[in-house]
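Participant: Predicted structure and sequence below. I'll ask about it afterward.
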Amino acid sequence: MKRSRTLLLSLIATLVAALGAVAVAMPAFAAGPTATFVKVSDWGSGWEGRYTVTNGGSSVISSWVVAFDLPVGSRVGTFWDASMTSSGQRFSFVNRSWNGTLVPGASVSFGFNATGAGVPSNCVLNGVACGGGTAPTTPPTTPPTTPPTTPPPTTPPVTPPPNSPLPKHFLTGYWHNFDNPAVELRLRDVPGEYDLIAVAFAEATSTPGAVTFGIDPGLSASLGGYTNANFKTDVQTLHSRGKKVILSVGGETGRVAVNDATSATNFSNTVFNLIQEYGFDGVDIDLENGLNPTYMAQALRSLRNRVGANLIITMAPQTIDMQSPTVSYFKLALDIRDILTVVHTQFYNSGSMLGCDQQFAYSQGTVNFMTALACLQLEAGLRPDQVALGLPAGPGAAGGGIVAPALVNQALNCLARGTNCGSFQPPRTYPGIRGAMTWSINWDVATGNNFARTVKPHLATLP
């Protein structure tokens, strides 16, 4: 028995040694960071691609850059969860501020839509071959001497946002918690065409970053005694009708400031408390007097962590605030793209602005203005389901940029289908374009509810 045990131990030791020798001799395949590519879908003239960056090493990665070539005639259009630069047919994707750090074993993905045929080649991750996928077999491609002057429109896949509590295409309107020349309304009297109601506005307190809300005394008096309790009941009434109600923070005179970690915490805490108290479904960021994207992103991520995946987060920046991805509002939208519901850019009170072609200044109040500036956001990294057109409901609602609701429908057709465009033709179609917003429900009711009755039925016809 003792001899058998000794022999068994000897055999085990020999086997372990042999296996150890094999392990040492084997190549370290896929060890360390890797980036793997998957073509998610292909619709003939274009396709959707996704790269997954995985930290297969033993130390933390603090940032990543994935670079690859595309064949001549192919190019990247919309992209998400990374920033992109390009030189000829070489495309480089860099992590966002929130997804650059990967602990060992962690992974993160980014995606993009591309035109043309073929797949990426010569991929490198942080300067080293990507691994985990097809090894580069061809040298880098050379950009065409003369790029096509009019690339054919392409249609990206229509993918509804995951776990969205809102329709695929929806209409948003702002509800006044104050008196002005428009019609005063109880919340329950909001017309049924509106899917998302943004309550304007929460107000700043003496505590930096903190906000508060209650029915405005002037509005209460105009409505014959409308109370906070009445409002809470009305929120539940709208919920029973399938509507969503969010609290808007800011406005033209809003003074909410989130400029450091403490004020970010105060913002998150107080908005969370108001959501719990009143039954709000989310928050709208409408700060027209300065915004710090770093700390507002921190505040919104904290709020999302507490409320959960169904939290609605919207933004209503002025047009000038969405002219470049480096501008504060645009940067915030891109940095929280993974939790952002939609951006309702105010395409009014703007004068003339550059569109995504960066060649012409388009005048507000036109189809060109709406499509060229929406294209700017779509081509710079926001998904189509995160972009909506914000317009005044009619005279009195804005100082400039008022358009007939039929022109809003025309702009939506241009973006979603590539039809009914003005002189500006977007480089591709965006069937997932989310919808429209108006300032405001009260102004719309004051002018016969024409905006909602024209735009809402049209949203149902979009792809």
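Facilitator: Good, I have the coordinates. Please read these numbers as outputs of a predicted model, since none were measured by experiment.
Participant: switch to C-alpha atoms for all contacts and neighbour counts from now on
Facilitator: Fine.
Participant: What is the distance between stretch 288-300 and the centre of its chain?
Facilitator: 15 Å (C-alpha atoms, centre = their mean, to the nearest Å).
Participant: Also stretch 351-361?
Facilitator: Computed by C-alpha atoms, centre = their mean, the chain-centroid distance of stretch 351-361 equals 22 Å.
Participant: how much space between the nearest residue to Val307 once chain neighbours are set aside and Val283?
Facilitator: Spatially, and ignoring its direct neighbours in sequence, Val307 is nearest to Phe272 (7.5 Å; C-alpha to C-alpha, 6 or more residues apart in numbering). Using C-alpha to C-alpha, to the nearest Å, Phe272 is found at 9 Å from Val283.
Participant: For the two, indicate the residue with more neighbours.
Facilitator: Val283 (24 against 19; other C-alpha atoms under 10 Å).
Participant: who touches that one in this structure?
Facilitator: Residues near Val283 by C-alpha atoms under 8 Å, 6 or more residues apart in numbering: Ile246, Leu247, Ser248, Val249, Val271, Leu311, Ile312, Ile313, Thr314.
Participant: Filter these down to just the ones in strands.
Facilitator: Among the contacts of Val283, the members falling in strands (DSSP state E) are Ile246, Leu247, Ser248, Val249, Ile312, Ile313, Thr314.
Participant: mind giving me CSV with these and columns for pLDDT, distance to Leu171 and neighbour count?
Facilitator: Formatted as CSV, those follow (pLDDT from 0 to 100; distance: C-alpha to C-alpha, whole Å; neighbours: other C-alpha atoms under 10 Å):
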residue, pLDDT, distance to Leu171, neighbour count
Ile246, 98, 13, 25
Leu247, 98, 16, 28
Ser248, 97, 16, 25
Val249, 95, 19, 27
Ile312, 98, 14, 25
Ile313, 98, 15, 22
Thr314, 98, 13, 23
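Participant: Those: which two are farthest apart?
Facilitator: Val249 and Ile312 (13.4 Å; C-alpha to C-alpha).
Participant: Which one of the ones in strands among the contacts of Val283 is nearest to Thr101?
Facilitator: Ile313 (24.2 Å).
Participant: what residues are up against that closest one?
Facilitator: Contacts for Ile313 (C-alpha under 8 Å, 6+ apart) come out as Gly282, Val283, Asp284, Ile285, Ile339, Leu340, Thr341, Val342.
Participant: What ranges does the stretch 351-463 of the chain have for its strands?
Facilitator: 352-354, 361-363, 387-392, 435-439 (DSSP state E, counting those that start in this stretch).
Participant: where's Tyr278 relative to Gly422, distance?
Facilitator: Tyr278 sits 44 Å away from Gly422, going by C-alpha to C-alpha.
Participant: Those two: which is more packed in?
Facilitator: Neighbour count, other C-alpha under 10 Å: between Tyr278 and Gly422, Tyr278 has more, with 21 against 15.
Participant: Where in the protein is the helix or strand with the lowest mean pLDDT?
Facilitator: helix 2-25 (a mean of 40; mean pLDDT, DSSP states H and E).
Participant: and after that one, which helix or strand comes next?
Facilitator: Downstream of helix 2-25, the first helix or strand assigned by DSSP states H and E is strand 32-42.
Participant: Could you list every helix and strand in contact with that next one?
Facilitator: strand 46-56, strand 121-125 (3 or more C-alpha pairs under 8 Å, 6 or more residues apart in numbering; DSSP states H and E).
Participant: Can I get these in TSV including mean neighbour count, mean pLDDT and distance to Val408?
Facilitator: Below are these laid out as TSV (neighbours: other C-alpha atoms under 10 Å; pLDDT from 0 to 100; distance: least, C-alpha to C-alpha, whole Å):
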stretch	mean neighbour count	mean pLDDT	distance to Val408
strand 46-56	21	86	28
strand 121-125	22	93	41
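Participant: could you dump the ones you listed to CSV with distance to Gly355?
Facilitator: Listed next are the helices and strands packed on strand 32-42 as CSV, based on distance: least, C-alpha to C-alpha, whole Å:
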stretch, distance to Gly355
strand 46-56, 23
strand 121-125, 32
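Participant: Nearest to Asp179, out of these?
Facilitator: Closest of the helices and strands packed on strand 32-42 to Asp179 is strand 46-56, at 48.3 Å (criterion: C-alpha to C-alpha).
Participant: Neighbouring strands - and their directions - for that closest one?
Facilitator: In the sheet, strand 46-56 lines up against strand 32-42 (antiparallel), strand 107-115 (antiparallel) (DSSP bridges).
Participant: so which of the ones you listed is the most packed in?
Facilitator: Most buried of the strands paired with strand 46-56, by mean neighbour count (mean count of other C-alpha atoms under 10 Å): strand 107-115, with a mean of 21.
Participant: Looks like Ser58 contacts Gly32 (just checking).
Facilitator: Yes: using C-alpha atoms under 8 Å, Ser58 is in contact with Gly32, at 7.4 Å.
Participant: thinking again about what came up before, nearest to His176, of the strands paired with strand 46-56?
Facilitator: strand 107-115 (38.9 Å).
Participant: distance of Thr36 from Cys123?
Facilitator: From Thr36 to Cys123 the distance is 9 Å (C-alpha to C-alpha).
Participant: ok, Ala346 - contacts?
Facilitator: Actually, residue 346 is Gln. It isn't Ala. Applying C-alpha under 8 Å, 6+ apart to Gln346 gives the contacts Ala316, Pro317, Gln318, Thr319, Leu389, Gly390, Leu391.
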